[in-house]
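**Q** Below are the sequence and a predicted model; questions follow.
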Amino acid sequence: MDTSTSSKLTQAIAKWIATACRPVYIVEDEGLRDIIRIASGDLTYELPSRATVMSRIHEWYDTEKAKLATNLDNTASVALTGDYWTSLGNHSYLGVTAHYIDQEWKLHSHALTVMRTDERHMADVCASHFMDVSGQWNIEKKVSTLNTDSARNMIAASKQLPFEHLPCTAHSIQRSVTVSLQNSAFDGALAKCRKVVGHFKHSPPNTAELKTQQVAHGLKAEALVQDVPTRWNSTLEMIKRVQRNQEALRDVLAQKQTNVTMPTKSEMEKLQKLEILLEPCRYFTELLGGEKFVSCSVVLPALCHLSRVMETSEDDPAYIVKFKQTFSADMTSRKDKTNLTWLKISTALDPRFKDLKCLHRSERAEVWALIAGLLKEEIHGQQPVEEPSSEPPNKMAALLFASDSESDEEQDDIENCLTRYRAEPVLCKDECPLEWWCKHACIYNKLACLAKKYLATPATFVPCERLFSLSGHVVQKK
C-alpha cells in the first residue's frame with residue numbers, strides 16, 4: 001500500500017471512530033487489522049496507533065471549528081439553544097447549539113459545546129456559562145434568542161442575559177398533557193396497560209411467548225413500550241402498541257396463571273379516545289422539534305390548531321370534556337408565559353402564515369406596527385453616525401424640518417414595503433419559506449434581514465437533547 005492510500009485510510013479510521021462513537025482502542029483489534037489486510041491485499045499493513053488516531057481527530061476538530069467560526073463571523077444573527085444534562089457517571093454537562101441562516105438562505109445548526117460543569121446550576125452561574133460560550137465564539141453581540149426549558153433557574157438566568165428568551169414549546173405541550181392526565185378517568189386503563197407492559201418487559205420467557213403469538217396472529221413482532229413521565233409521547237406509544245397487539249396479549253395472559261389482566265372493552269374504548277387526543281400533540285412535538293427547517297413561525301399556528309382540537313362538543317363524554325378543558329387552560333397559561341412578541345413577528349415574516357389567521361383580528365395590526373418599528377430601527381442602525389454639527393443656531397430649524405421630511409419619506413417607504421409584502425400570495429404549508437425569501441430578498445432588502453433573524457430561531461431546545469442522545473450513547477460498559 002502506498003503512503004497516500006495509507007494516510008487516507010488512517011484519516012477514514014479516525015473519522016469513523018469520532019463520528020460513530022467507537023472506542024479509540026479499537027485500533028488495537030487484530031480482527032479489524034486482518035479485515036483491512038484482506039480488503040487491501042497488503043498483508044504487511046498495520047493499524048495506526050492510538051496517538052496517531054487522536055492527533056488526526058484533534059486536527060479534524062480544529063479544521064471544523066475554524067470553518068464554523070468563519071461562518072459565524074459572516075452571519076448577522078445567531079439563535080442558541082441550551083440545556084444541562086447529567087451523565088451515567090453523575091457528571092453535569094451543558095450543551096449549546098447555534099442556528100443561523102446563511103447568505104444563500106440555508107438554515108444551519110451546529111453544536112458549539114458540550115462542556116462539563118461542576119458548579120450548582122444557580123441562575124447567575126447558568127447566565128455566566130451562556131455568556132462564556134458566546135464569548136468563546138465571539139458572537140455575544142450577535143445572539144438574538146436563547147431557547148431553554150421552563151425550569152426556574154433557566155427563567156431567572158434569561159433575565160440576566162442580553163438575549164431574548166424563548167421557552168421550549170414542545171416541553172410546554174408535553175407538560176400540559178401530563179397535567180391533563182393527572183387524576184383523570186384514564187387512570188385505571190393506563191394503570192392496567194403499565195402492568196401488562198411490565199409483565200412482558202421484565203421477563204424474557206414472557207417476551208418470547210408474546211413474539212410467538214404475534215407471528216401466529218400475523219402481527220409484526222414488536223416490543224411493548226412503557227410510558228415514562230419525562231419521555232415525550234411515551235404514553236401514546238404505549239397505548240398504540242397495546243391496542244395493536246391486544247389479541248396476542250390476551251392469548252398469552254390466558255395461558256398464564258397471573259394477576260395481570262387486559263383492559264376491559266370500555267377501557268379500551270377510552271384508550272382509543274385518548275389516542276385521538278394525544279396524536280396531534282405528538283405530531284406538533286415532532287414538527288416543532290426539527291432543526292433542518294423553519295419551526296419558530298409554526299408555533300402559533302400549531303397552538304391555534306391544538307386549541308381547535310381541544311374544543312368540546314355535545315358528543316363528548318364528561319371525562320373527555322374534563323381532559324380538554326384542563327389541557328386548554330394549562331396550555332393557555334403556558335402560552336402567556338412564552339415570548340409571544342417574538343413568535344408573532346416570526347409568524348408574520350413566514351410567507352406561509354403572513355395572513356396571521358392564527359391571531360385575533362385586533363392583534364394583527366399591532367404585529368405589523370411592531371415590524372414597521374423594527375424596520376425603522378434597522379434603517380437607522382445602518383446609517384453612519386454624523387459628526388456633531390457646528391452650524392450656527394439660526395440654521396437649526398431648517399435642519400429639524402429636513403429631518404422630519406426624511407422621516408415621513410422613510411415611513412412611507414416602510415409602509416409601501418409592508419403593503420407589497422402582505423399583498424404577495426400566501427405560500428402553501430408544504431412550501432419552503434426560505435426558498436421564497438431567497439427569490440425575493442433583493443425586493444424586500446431590510447425586511448429580508450429581519451426574516452433571517454427571526455426565522456432562524458428554533459421553536460424548542462430539542463437540538464440540545466440530540467447532543468446528549470449522542471454523547472450519552474453507551475457503546476459498552478467498559
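**A** Received, thanks. Since this is a predicted model, take the numbers as computed values, not measurements.
**Q** Output stretch 435-443 as PDB - backbone C-alpha positions only.
**A** Taking C-alpha atoms only, stretch 435-443 is exported to PDB below (Å, rounded to 0.1, in the frame of the first residue of the first chain):
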ATOM      1  CA  GLU A 435     -36.700  29.500  -0.800                       C
ATOM      2  CA  TRP A 436     -39.300  32.200  -1.200                       C
ATOM      3  CA  TRP A 437     -37.100  34.700   0.700                       C
ATOM      4  CA  CYS A 438     -34.100  33.700  -1.400                       C
ATOM      5  CA  LYS A 439     -36.000  34.800  -4.600                       C
ATOM      6  CA  HIS A 440     -37.500  38.000  -3.000                       C
ATOM      7  CA  ALA A 441     -34.600  39.100  -0.800                       C
ATOM      8  CA  CYS A 442     -33.500  41.800  -3.300                       C
ATOM      9  CA  ILE A 443     -37.000  43.200  -3.400                       C
END
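**Q** May I see the buried residues of it?
**A** 436-438, 440-441 (16 or more other Cβ atoms under 10 Å). All C-beta atoms are positioned from the backbone trio N, CA, C, and that covers glycine.
**Q** quick one: contacts of it?
**A** Residues outside stretch 435-443 that contact it (Cβ atoms under 8 Å, 6 or more residues apart in numbering) are 104-105, 351, 420, 424, 427, 448, 451-452, 455.
**Q** pLDDT and distance to Tyr100 added to the buried residues of stretch 435-443, as a markdown table?
**A** Shown next, in a markdown table, are the buried residues of stretch 435-443 (pLDDT from 0 to 100; distance: Cβ to Cβ, whole Å):
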| residue | pLDDT | distance to Tyr100 |
| --- | --- | --- |
| Trp436 | 96 | 18 |
| Trp437 | 96 | 14 |
| Cys438 | 95 | 15 |
| His440 | 94 | 20 |
| Ala441 | 92 | 15 |
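**Q** Let me know the closest of those to Val78.
**A** Ranked by distance to Val78 (Cβ to Cβ), the buried residues of stretch 435-443 are led by Trp437 at 17.8 Å.
**Q** so what are the domain limits for the protein?
**A** Taking automatic domain parsing as the criterion, the chain consists of the domains 3-65, 74-168+461-471, 174-336, 359-384+394-455.
**Q** In JSON lines, list the ones you listed along with distance to Leu343.
**A** Output for the domains of the chain, formatted as JSON lines (distance: least, Cβ to Cβ, whole Å):
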{"stretch": "domain 3-65", "distance to Leu343": "32"}
{"stretch": "domain 74-168+461-471", "distance to Leu343": "8"}
{"stretch": "domain 174-336", "distance to Leu343": "5"}
{"stretch": "domain 359-384+394-455", "distance to Leu343": "9"}
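**Q** which one of the ones you listed lies closest to Trp342?
**A** Smallest distance to Trp342 across these (Cβ to Cβ): 5.7 Å, for domain 74-168+461-471.
**Q** gap between the closest one and the chain center?
**A** 12 Å (Cα atoms, centre = their mean, to the nearest Å).
**Q** thinking again about what came up before, tell me which of the domains of the chain sits nearest to Lys344.
**A** Going by Cβ to Cβ, the one of the domains of the chain nearest Lys344 is domain 359-384+394-455, 4.8 Å.
**Q** the strands in this structure, which residues?
**A** Along the chain, counting by DSSP state E, strands occupy 78-86, 92-101, 107-117, 143-148, 164-167.
**Q** follow-up on the earlier one: and the contacts of stretch 435-443, which two are the farthest apart?
**A** Glu104 and Arg420 (23.6 Å).
**Q** ok so, going back, identify, from the buried residues of stretch 435-443, the entry nearest to Met1.
**A** Here the nearest of those to Met1, counting by Cβ to Cβ, is Cys438; it sits at 46.0 Å.
**Q** hmm, back to that, okay, the strands of the chain in TSV with distance to Val294 and mean neighbour count next?
**A** Below are the strands of the chain laid out as TSV (distance: least, Cβ to Cβ, whole Å; neighbours: other Cβ atoms under 10 Å):
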stretch	distance to Val294	mean neighbour count
strand 78-86	11	23
strand 92-101	9	23
strand 107-117	7	17
strand 143-148	14	24
strand 164-167	14	20
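**Q** Where does pLDDT dip in the stretch 251-400 of the chain?
**A** The model of the stretch 251-400 of the chain has pLDDT under 70 over residues 381-400.
**Q** is it true that Ile239 touches Leu277?
**A** No - judged on Cβ atoms under 8 Å, Ile239 makes no contact with Leu277 at a distance of 10.5 Å.
**Q** Neighbour count for the two, which is higher?
**A** Set Ile239 next to Leu277 and count neighbours by other Cβ atoms under 10 Å: Ile239 wins out with 24 against 19.
**Q** Around His58, count how many other residues there are.
**A** 12.
**Q** ok, now the one 5 residues further on?
**A** Using other Cβ under 10 Å, Thr63 has 10 other residues around it.
**Q** Same question for the one 4 residues further on.
**A** For Lys67, the count of nearby residues is 11 (other Cβ under 10 Å).
**Q** Could you do the one 5 residues further on as well?
**A** Other residues lying near Leu72 total 18 when counted by other Cβ under 10 Å.
**Q** Now do the same contact list for it.
**A** Contacts of Leu72 (Cβ under 8 Å, 6+ apart): 78, 98, 100, 137-139, 142.
**Q** pretty sure Ile13 contacts Pro48?
**A** Yes - between Ile13 and Pro48 there is a contact under Cβ under 8 Å: 6.5 Å.
**Q** Quick check: neighbours shared by these two?
**A** Val27.
**Q** Let me see the contact set for the closest residue in space to Lys344 that isn't next to it in sequence.
**A** Computed as Cβ to Cβ, 6 or more residues apart in numbering, the closest residue to Lys344 that is not its neighbour in sequence is Val367, at 4.8 Å. Contacts for Val367 (Cβ under 8 Å, 6+ apart) come out as 344-345, 347-348, 356, 359.
**Q** got TSV for the residues you listed, with distance to Asp34 and neighbour count too?
**A** As requested, the contacts of Val367 are exported to TSV (distance: Cβ to Cβ, whole Å; neighbours: other Cβ atoms under 10 Å):
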residue	distance to Asp34	neighbour count
Lys344	62	24
Ile345	61	23
Thr347	59	25
Ala348	62	26
Leu356	65	19
Leu359	66	20
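**Q** Show me which of the residues you listed is closest to Leu161.
**A** Nearest to Leu161 among the contacts of Val367, with distances taken as Cβ to Cβ, is Ile345, at 19.6 Å.
**Q** Since that was my last question, I'll sign off now.
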